[in-house]
Structure formats: C-alpha cells, structure tokens
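Engineer: One predicted model, sequence on top.
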Amino acid sequence: MIKPVRVRIAPSPTGEDLHIGNVYTALLNYVYAKKNNGIFIVRIEDTDRTRYVQGSEARILNSLKWFDLDYDEGPDTEGKYGPYRQSERLNFYKKYAEELVGKGKAYYCFCTSARLEEMRKGQIARKEPTLYDGFCKNINSKEAKKRSLNEKYVIRLNVPDSGTTQFEDVIRGKVTFENKLIDDQVLLKSDGYPTYHLAVVVDDYLMGISHVIRAEDWISSTPKHILLYHYLGWELPVFCHVPLIRNPDHSKLSKRKNPVWASWYKDQGFLPEAILNYLAQMGWSYPGDIEIYTIEEMIKKFDIAHLKAVGPSFDLKKLEWVNGEYIRKTENPKLKDQISNYLDHNYPEEIIGKTIPLVKERIKKFSDYLPLSSFFFEKPTAYEIDIKAWKDIFAKTSEKLKSVKKWDAVSIGEAMQQVVNETGKKSSDYFMAVRIAVTGRKVSPPLNESMEILGKEESTERLKLV
RNA sequence: GCCCCCGUCGUCUAGCGGCCUAGGACGAUACCUUCUCAAGGUAUAGAUCAUCGGUUCGAAUCCGAUCGGGGGUACCA
C-alpha cells in the first residue's frame, strides 16, 4: 500500500502578505501534489504571538488564490485533519510534550532568560557552541512536576549527547549531524504555545504529510525533528529541502534588499502566471530550452529530485521579460479587461481597448501602461522638449489635418508627410515635434495611430495649444 | 567560533565520464527594421566549468583538500 501524497506549506502570519519565497515553495509543493494525485494543504503556523500580524493570514490566503495555487485543505476549507491553524491545536502539542516527558525524552526547564543569556555569553567567550548546558536536565520528575505548578517553565527536548542523527534528503542525499551539537531545543514555551519544532512534527504526523518540501534554511533543525519522530514512534515523511531564493547580493531574500511581498508584484502589474513561470525556472529548467510554459506543462515535466541545490538569486529583469512575453501573447480583449481592472476602472474602457494594440508590445507590466498612455485620456500638462519654435508649422499641420477626409492612421501620415515636403523640414525632427505636441513625451506609441484614436478634433486642438 | 548545505558566462540554467574548442535564456553591445520607444530579426562580447591535487586511456561530470558563498546556531518561523 503506497502512502497517499499529502504535502503542505506552512506560512506564518508575521508579515504583510505572502512572501515571494513562500510562493516558490508553494509552487513546488503544488506541482508535486498535482503530479502525484496528491493533496496540497495550507497550515497557518501562528505560534509566535509576539510577531503575529493582524490580517496577515487573510492576505496570505488571498494571494495564494490570486496565484491560483488552490489548496485542498486549509483554514478556510473543510477537511478532516483540521483545525489548520496551530493556535487552535494547542492541546495536541501539550499532550505530546507531556508524553515525551513521561518517556524521559523531554524535560522541564525552569531557567530564566537572564541565566540563558549569561550562559551563552560565557560559551561565546570560550568559543564553544551555544547549546543549552543541561542545568535542569537532571531535576527528578517528581520535583519538576511540583515546581511546574507555580513556576514558569518550558519543556526541552532531551537530545542524546553521543552518536549521530541523520536523514535522507531527496535533493541532497544523506545529511548527518552529531548529537552532541544538537541543542536541547525548547518544545513547549512558557506561554503554553509550542515552538515550530514540536508543532511541525506533531502536525505533519497528525495531518498525514507524506513529503516535507520546505526551504533549505530548515536543514539545520531537521535532526531535532527526526529525533522527535523517533521518540514518538512515528514514521518519517520524505524530506526535501529546496533552495532558498536569494537577493541579488546572494544573501537570503529579504525585504530590505528586494521586494518580497506578493502584493508588491500585484501592484506592479505582474501576472500571477508569469511570476510562477519565472519562479519555476529557479533550480529547474523545462526540457528543450523552453522558457515560457504553463503550470500544467510544468506538472507534466517536473521532477523534484532534479531540483538544483543552489540558491538562485532573484532577477527582476528576467521576471519582467517573462511577464512581457505573457502580455504579448494575451488576446487583446482579455488584456483590455486586465488593464482596466488594474486601473480600478478609472479610465474609459473603450479607449483602453483601442490603445491595446499600440501598447501591447511596449509594456512589460501593467504599471507601465499609464506612463505610456495617459495622453490618451488627458491633454499633456508639460512638454519634454521646448517646441515653441514649431508653432507656425503646427498651424499648417493643423489645417492640413482638418482637410483629411478619412481619419485613419494612413491618411494622417500622408497629410503630415505633405507638410514635411512643403516645409522642407527634416522628417524626424518634424515628427518628433508633433509627437511632443500631441503626447507631451519623447517616447510614445506610434504617432499616426495615436492620433487616429484621439480623433481629428482633439489632435488638431493639441497642435494649436503649443 | 561551531554545525550543515552549496560552487558552470553579470543573472537563471543545459550538462549525469568521450557528442563540450561548454549549449540556451535574461541582461549588455552593435546592426537591420523605423516618425520616437518597443516588439521582431541578425550578430558580438561574456564561463581556462572556484582552485589545487587525485581516479581514469579520457573529467565540468567521480573522490579529497583548500578557498569562496549561503543557511543555522532563539521560549522566531
């Protein structure tokens, strides 16, 4: 009997929104689940009340939906393994922590933070590893129990002081740690909440998680988890530590050095599919030098064992390119809706629709739209170049344009070409001047087409405003 | 400091012992196209495969050391 594939992501509601690094692990988990007919779960790890951010969970869940990374089980779905919020599962952690104490695999600790700090200072001075010194380890269980009634305490993992603990990682192979260097990790905090280490193990077991696919910054704490599985007599899940996305300077991706919140990417007008496509290329590549592909195509070809173990750095430029590719292959009507939506429907949809063919190849993300196209909606308020000297020629142009019968790009172009011929102006100078008069800018969508959209009246009027 | 992971163009990657005088993509540069900017096309630069030692007839590919980078070292996750 093969164990059903059940994977999960475990975001913490401690930030503004879904972290882009989490989007990456979510993508990998999602694809792995789909590939293996598995279940994809979201579990909220909200055991740190001091870092808890109100509203964060809702934003995380919303962003996951925005990316279309649909989860089968989560805090807002039905599911027989719930609740999916750790703060609602406190009884489980307490139960297993006590079971561990009963087995002698964990113990009560009454040390104050002041003492721990003192202890660490000494260790650092002596260049020793900063591990708990076992001060409370040998208090006999009866006494410990008694003290726990009226003293603050934590429960610590009882790590053997010899031997090794190892695990098999799908990507990295065998990883070995010496037990004497593994800390007697706190499992249950003095406020009754578990630490991550106890909570993940208990929940992953209780939720039937088959594969733990998470970022590599967890490798160092994995041996503690392994010990916990052993002590509790539970079967190990498969571990797969995926690369950690880095800042351009190669440090762990952080908000100080790179945009990290999903909302930022959304605000910039990146497409969720494009972001996922970009992220998919981190540590993995689609066979055959193909760069643009859908998540369904990825699911077909993806093999997690082939993920590279190197931490890739985030390259906004390439993301923009991928996004531009997506924009270019979007059908015009759909693009119109997307942009209109992005602009909160504050601009006439009809005009947006007309501008699409002109801007489609000129924008990489939706936030590029307005800077390029605002002149369609309002007269230029400033000119990038002084064009006063062209006043007379503009008047001539304006007259010429008025006589254009069929107001389309071709006729507009012909009319203006006549002005060039009659005045003997250099055509590139002339068209640039007209462009400035009409759009206010040196860089704009094609002139004739733009004027066609603006209409005869508006176009000629702008020439006279200079 | 200690522990763990990692190391192919600036960046993302292909490569799984001979097909590699190392391929693709982004980015850069140049040209073509052109009323601007893009898009598109073409081309160029860019990696002695971190280094040094092995193994082998043969190594980017296997092994070791060194160096470099990253992560962890919390009653954070």
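Structural biologist: Structure's in. What do you need? Numbering: from 1, shown residues only, chains lettered A, B, ... in the order given.

Engineer: Get me the contact residues on the stretch 351-466 of chain A for RNA strand B.
Structural biologist: Counting by CB under 7 Å from any atom of the strand, the residues of the stretch 351-466 of chain A close to RNA strand B are A:361-362, A:409, A:413, A:427-428, A:431-432, A:435, A:442-449. (Each C-beta comes from the backbone N, C-alpha and C, glycine too.)

Engineer: rerun that using 6 Å as the cut-off
Structural biologist: Those residues of the stretch 351-466 of chain A that sit near RNA strand B, judged by CB under 6 Å from any atom of the strand, are A:361-362, A:413, A:427-428, A:431-432, A:435, A:442-448.

Engineer: Just among these, which is most surrounded?
Structural biologist: A:R435 (23 neighbours; other CB atoms under 10 Å).

Engineer: coming back round to it: show only the entries of the residues of the stretch 351-466 of chain A next to RNA strand B found in helices.
Structural biologist: Among these, the members found in helices (DSSP state H) are A:G413, A:S427, A:S428, A:F431, A:M432, A:R435, A:L447, A:N448.

Engineer: ok so, going back, out of the residues of the stretch 351-466 of chain A next to RNA strand B, what pair is the most spread apart?
Structural biologist: A:E361 and A:S427 (23.2 Å; CB to CB).

Engineer: What is the nearest of the ones in helices among the residues of the stretch 351-466 of chain A next to RNA strand B to A:Y132?
Structural biologist: Closest to A:Y132, out of all of those and judged by CB to CB, is A:R435, at 70.8 Å.

Engineer: tell me the contacts of the closest one?
Structural biologist: A:R435 sits next to A:R441, A:K442, A:S444, A:L447 when contact means CB atoms under 8 Å, 6 or more residues apart in numbering.

Engineer: cool, and A:G74?
Structural biologist: A:I41, A:V42, A:R43, A:L61, A:Y84.

Engineer: Quick check: it vs A:P243, distance?
Structural biologist: Distance, A:G74 to A:P243, by CB to CB, to the nearest Å: 25 Å.

Engineer: One more: A:S220?
Structural biologist: Using CB to CB, we find A:S220 at a distance of 15 Å from A:P243.

Engineer: out of those two, which sits in the more crowded spot?
Structural biologist: When neighbours are counted by other CB under 10 Å, A:S220 and A:P243 differ, and A:P243 comes out ahead with 20 against 11.

Engineer: contacting residues around the more buried one?
Structural biologist: A:A215, A:E216, A:M282, A:G283, A:L307, A:K308, A:A309, A:V310, A:G311, A:P312.

Engineer: Now with 10 Å, please.
Structural biologist: Residues near A:P243 by CB atoms under 10 Å, 6 or more residues apart in numbering: A:24-25, A:28, A:171, A:215-216, A:282-284, A:307-312.

Engineer: Widest-spaced pair of the contacts of A:G74?
Structural biologist: Within these, A:I41 and A:L61 form the most distant pair, 12.6 Å apart (CB to CB).

Engineer: Give me the more crowded residue out of these two.
Structural biologist: Higher neighbour count among A:I41 and A:L61: A:I41, with 26 against 20, using other CB under 10 Å.

Engineer: quick one, what contacts the closest residue in space to A:F377 that isn't next to it in sequence?
Structural biologist: Nearest in space to A:F377, with sequence neighbours left out and distances taken as CB to CB, 6 or more residues apart in numbering, is A:Y347 at 5.6 Å. By CB under 10 Å, 6+ apart, the residues touching A:Y347 are A:I339, A:S340, A:T355, A:Y369, A:L370, A:S373, A:S374, A:F376, A:F377, A:E378.

Engineer: Tell me which residues touch the third one, please.
Structural biologist: Meaning A:T355. Contacts of A:T355 (CB under 10 Å, 6+ apart): A:K336, A:I339, A:Y347, A:Y369, A:L372, A:S373, A:F376, A:F377, A:P445, A:E449, A:S450, A:I453.

Engineer: redo that, cut-off 6 Å
Structural biologist: The contact partners of A:T355, by CB atoms under 6 Å, 6 or more residues apart in numbering, come to A:S373, A:F376.

Engineer: That one and A:D337: what is the separation?
Structural biologist: As for A:T355, its distance to A:D337 is 14 Å (criterion: CB to CB).

Engineer: what number of residues lie near A:P129?
Structural biologist: By the criterion of other CB under 10 Å, A:P129 has 10 neighbours.
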